[in-house]
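1. Predicted coordinates and the sequence they were generated for:
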Amino acid sequence: MGKGAVKTRYSDKELTEFEKLIDDKLAEAKKQLEFYMSQLSDMASSEDSKVRGLDDGIGTAESERITSMAGRLKKHISHLENAKIRVQNKVYGICRVTNKLISKERLRAVPHATLSIEAKQSR
C-alpha cells in the first residue's frame, strides 16, 4: 500500500486471526447452548415436574428463562457463523454503512459486528 492509501480490507493474516477468535467464541457458545438444552431436557423428564405439573410456577418460570437464554444464544451463534462467512469471503470487518474498516478493538470485543462505532452512534 502506498503512502496515504486507505486500507479497504483486513489482510489474510488478520482475517485468520479473526477467524480463530470467531471459532473460539462459537465453540464456547455451542457448549453453553448444549448445557441449556440438557437442563431443559432434565427439567422435562424429572419425576418431580411430572408430579407437580402446572401447580409449580417456579419450574415454568425457570424453564422459560432457560428457553429464552437458549434462544438468544442460537441467535448469537448464527451471527458468529455469518461473521465466519464474511471472513471466508474476505469482506469481514467492513462497516455495512460507511464501507470503512471497523476497528480491530471493536471486532475483538464484538467479533460479529457489522457496524463501526461511528455508524452505530449515528443510528
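-> Sure, I can see it.
2. CA atoms for contacts and neighbours, from now on please.
-> Noted.
3. List the neighbours of stretch 95-103 that are in contact with it.
-> Stretch 95-103 has contacts (CA atoms under 8 Å, 6 or more residues apart in numbering) with Lys7, Thr8, Arg9, Tyr10, Gly93, Ile94, Thr114, Leu115, Ser116, Ile117, Ala119.
4. rerun at 6 Å
-> If you take CA atoms under 6 Å, 6 or more residues apart in numbering as the criterion, stretch 95-103 is touched by Gly93, Ile94, Thr114, Leu115, Ser116.
5. list the buried ones in it?
-> Cys95, Asn99, Lys100, Leu101, Ile102 (16 or more other CA atoms under 10 Å).
6. just stretch 32-47 next, same as before
-> For stretch 32-47, by 16+ other CA under 10 Å, it's Leu33, Tyr36, Leu40, Met43.
7. of the residues you listed, closest to Ala83?
-> Leu33 (18.8 Å; CA to CA).
8. any idea how far the residue nearest to the closest one when sequence neighbours are not counted lies from Gln39?
-> Excluding the flanking residues, the one nearest Leu33 by CA to CA, 6 or more residues apart in numbering is Ala70, at 5.9 Å. According to CA to CA, to the nearest Å, Ala70 stands 10 Å off from Gln39.
9. After the helix or strand hosting Gly71, which helix or strand is next? Please name it.
-> Gly71 is part of helix 57-88 when elements are defined by DSSP states H and E. Remark: after helix 57-88, the chain's next helix or strand is helix 104-109, criterion DSSP H and E.
10. now the helix holding Gly71, how far from the centre of its chain.
-> Relative to its chain's centre, helix 57-88 lies at 8 Å (CA atoms, centre = their mean, to the nearest Å).
11. for stretch 116-123, same thing?
-> With CA atoms, centre = their mean as the basis, stretch 116-123 stands 19 Å off its chain's centre.
12. May I see the buried residues of that stretch?
-> Neighbour counts over stretch 116-123 (16+ other CA under 10 Å) mark Ser116, Ala119 as buried.
13. Show me the contact partners of it.
-> Contacts of stretch 116-123 (CA under 6 Å, 6+ apart): Cys95, Ile102.
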